[in-house]
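**Student:** all I have is the shape, not the residue letters:
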């Protein structure tokens, strides 16, 4: 099996002749030059283009598997149903086999095996043929075994009866690790009806609670008594640090982290407007360039990093997704960038990350690289030649803070 083609003509022109020559199966991703379509109809259109183009090379639809692309419920919740709807359309209208990475749906949320297994059942019901899953997860394999009963594959439920005697789900098991209750406890420390008399503390609490509708107005009130820098140092940073600590401890999760980040973002806009009106310059902790590497159109992780970086006062030069190598090199040179964050979500684009870093260094540019993305780890960091690997947005902030503390001349 070749992983993969997508709706871009150049990828199909490069891959389909090889697949035809060697009789390989081909995995087709429902994305194109514009990224991942937001609707099931849009993804079906890409899938149809892949199947029809494959047929023009003599590749039967039986040799093509379509991936409707599973996005995370923690950051793109509305897109989960789009994936399920795409599976239904692809099965009904194209009649091809489908494949999907099931666990993507639960990234950033607690009790992942429960969400994964529930989504697996829904996806199979919608037409998923070949799920990519963790066979070491008892709950996932229990769902597979159960589905085989429902689909009349396990005659008389013999395998189900045999295996189900040993299943244990609940507190302390793989699927019930107590994370949900921890998350609830973390929020209940600062209930929504608690309004501290001190306005700075009140703003900090609003950020902790992710109440983005209320933070801008309170920030305006605080400007009557405090400078923008005081508000940042006394409210924004302490709140973000507390959210970060709870996130790392597993008592807050990605949706809550993003809610707090959005709450700060709205308040920051108030500070920017104020400093502009006063003819002042907003505080700057340093500049960092962010980009998702060439060939990769996944940018939700990069966008989260951008939001958190800006929360902490960094200026972000965001080049977007699927960024050509030469554009990264040119921007670093033109903007005199010293710290770069590169993202990749697909193993197939890691080579482009390596090529990007090499091109920057071959150009003689003095740069430090932080890399991140779901498929990456320390081994990949060494492979691509980066300086740091960040497992999440908050770790990226820590590396950036340490970098500019060591190099204040670049702030």
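**Tutor:** Structure's in. What do you need? Predicted model, so just to flag it, every value in this text is computed and none were measured.

**Student:** how long is stretch 376-389 end to end?
**Tutor:** Terminal residues of stretch 376-389 lie 8 Å apart, using Cα to Cα, to the nearest Å.

**Student:** buried ones in it?
**Tutor:** Of all the residues in stretch 376-389, those buried under the rule 16 or more other Cβ atoms under 10 Å are 376, 380, 381, 384, 386, 388, 389. For every residue, glycine as well, the C-beta is placed using N, CA and C.

**Student:** contacts for it, please.
**Tutor:** Residues from elsewhere that reach stretch 376-389 (Cβ atoms under 8 Å, 6 or more residues apart in numbering): 342, 344, 350, 353-354, 357-358, 361, 368-372, 399.

**Student:** the buried residues of stretch 376-389 into TSV, with extra columns for distance to residue 131, secondary structure and pLDDT?
**Tutor:** Formatted as TSV, the buried residues of stretch 376-389 follow (distance: Cβ to Cβ, whole Å; DSSP: H, G, I helix; E, B strand; the rest coil; pLDDT from 0 to 100):
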residue	distance to residue 131	secondary structure	pLDDT
376	23	coil	93
380	25	helix	96
381	29	helix	97
384	29	helix	97
386	32	coil	97
388	33	strand	97
389	28	strand	97
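
**Student:** ok, of the residues you listed, which one's closest to residue 223?
**Tutor:** residue 388 (36.1 Å; Cβ to Cβ).

**Student:** can you name the residues bridging to the closest one?
**Tutor:** The residues listed as beta-bridge partners of residue 388 by DSSP bridges are residue 370.

**Student:** could you pull up the residues touching residue 355?
**Tutor:** Neighbouring residues of residue 355 by Cβ under 8 Å, 6+ apart: residue 325.

**Student:** what is the burial count for residue 61?
**Tutor:** Using other Cβ atoms under 10 Å, residue 61 is surrounded by 16 other residues.

**Student:** can you show me the helices along the stretch 301-411 of the chain?
**Tutor:** In the stretch 301-411 of the chain, helices defined by DSSP state H, counting those that start in this stretch lie at 325-335, 350-362, 378-384, 393-406, listed in chain order.

**Student:** tell me which of the ones you listed sits nearest to residue 15.
**Tutor:** Going by Cβ to Cβ, the one of those nearest residue 15 is helix 350-362, 15.2 Å.

**Student:** can you pull the buried residues of that closest one?
**Tutor:** Along helix 350-362, these residues count as buried under the neighbour rule (16+ other Cβ under 10 Å): 350, 352, 353, 354, 356, 357, 360.

**Student:** just the closest of the residues you listed to residue 244, please.
**Tutor:** Distance to residue 244 across those (Cβ to Cβ) is lowest for residue 353, with 25.8 Å.

**Student:** so that closest one touches residue 345, yeah?
**Tutor:** No: the pair residue 353 / residue 345 is not scored as a contact, 10.9 Å apart, by Cβ atoms under 8 Å.
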